[in-house]
Structures are given as C-alpha cells and as structure tokens.
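Chemist: 3D model of this:
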Amino acid sequence: MNKLEKIAKAIAFVVWADNKVEQSELDCAAKIFAKYGLDEKAGLAAVKTEIDNFIDLKEEEIGDDEVIESPLDLGDISSDEYDSFELLEDLADIVLADGVLETNEVGMIHLIGKAMNLEPELVTAALLKAAAKKENLKININVEVEEE
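Modeler: Have a look, this model is predicted:
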C-alpha cells in the first residue's frame with residue numbers, strides 16, 4: 001500500500017466506526033490529506049471505496065465453510081513517510097468531529113494504533129490529546145462489567 005492508501009484506509013475505519021458518515025468527518029479527512037501532501041479528491045475517493053467495501057462485506061452472505069479476511073484487518077499501516085502518533089491524533093480529530101466519543105470509536109482508534117505499531121498508552125495519549133482540544137465533547141462510553 002502506498003501512503004495515500006494507508007491513510008485512506010485508516011480514515012475509512014474511523015469514519016465508519018459509528019456506522020455512519022458525517023460531513024464533519026469528511027471535512028477533517030480532507031484536511032488530513034492536505035496536511036500530508038496528498039490529493040484531497042483522490043484521498044476522499046479512496047475513503048469512499050474502503051467504506052463501500054466494509055458495507056459490501058457486512059451485507060455479503062457467507063456460507064458455513066467459507067473463510068474471508070476480516071475487514072478489520074488493517075495489516076501494517078506504519079510508515080517512514082509520516083509520524084504515526086501525529087497521524088493517530090489527526091484520526092482522533094475525525095472521531096471527535098461530530099462532538100461525541102463512542103465506545104466503538106475508542107476501540108477503532110486502538111485497532112489503528114496497533115496497526116501502526118504504537119503502544120496502547122500512546123494510542124490513549126493521542127485520543128486524550130485530541131479530546132482536550134474539543135469543547136463540549138459528549139462521551140458515550142457503554143461498558144458492561146461482569147461481577148464475580
């Protein structure tokens with residue numbers, strides 16, 4: 001994967017984390033492509049293709065004996081062409097663009113951080129750093145704790 005494809009795939013993951021696409025998220029995505037010296041239109045088209053692939057895979061009926069690659073398998077998206085922590089912080093800005101932080105979005109950011117070979121503590125730090133810049137952030141974290 002080239003730089004644009006890696007970033008587009010990561011962006012698609014965070015945009016689709018809440019199962020909807022918001023214009024505010026796409027606006028943030030366009031700024032990220034520009035920041036990293038990439039063509040915004042080509043980048044957004046690649047994001048749309050990735051999201052369409054997620055939707056198609058989700059709707060696809062799979063037989064009992066069929067095995068498919070998980071759409072949540074990002075592979076290794078680390079690169080010497082960008083700072084992974086900085087990009088992860090930019091991706092966290094997309095997650096927060098709608099003003100709400102959801103449980104599945106936190107999980108998606110951690111999944112992307114793992115694919116960038118970042119330690120979980122750095123992933124959490126990037127998310128918190130982005131959240132600290134966001135006024136009136138609503139946190140909608142639903143976690144069930146099993147009692148012993």
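
Chemist: Which elements pack onto the helix or strand of the chain with the lowest mean pLDDT?
Modeler: When each helix and strand of the chain is scored by mean pLDDT, DSSP states H and E, helix 40-59 comes last, with a mean of 87. Secondary-structure packing of helix 40-59 (3 or more C-beta pairs under 8 Å, 6 or more residues apart in numbering; DSSP states H and E): helix 3-15, helix 23-35. Backbone N, C-alpha and C define where each C-beta goes, glycine included.

Chemist: Please identify which of those is closest to Leu122.
Modeler: In this view, the helices and strands packed on helix 40-59 are compared for proximity to Leu122 by C-beta to C-beta, and helix 3-15 is the closest at 15.2 Å.

Chemist: buried sites along the helix or strand hosting Asp93?
Modeler: Element membership of Asp93, judged by DSSP states H and E, is helix 84-96. Residues Ser84, Phe85, Leu87, Leu88, Glu89, Asp90, Leu91, Ala92, Asp93, Ile94, Val95, Leu96 are the ones in helix 84-96 that count as buried (16 or more other C-beta atoms under 10 Å).

Chemist: after that helix, next one along is what?
Modeler: Note on helix 84-96: by DSSP H and E, the next helix or strand toward the C-terminus is strand 100-102.

Chemist: Good, wrapping up.
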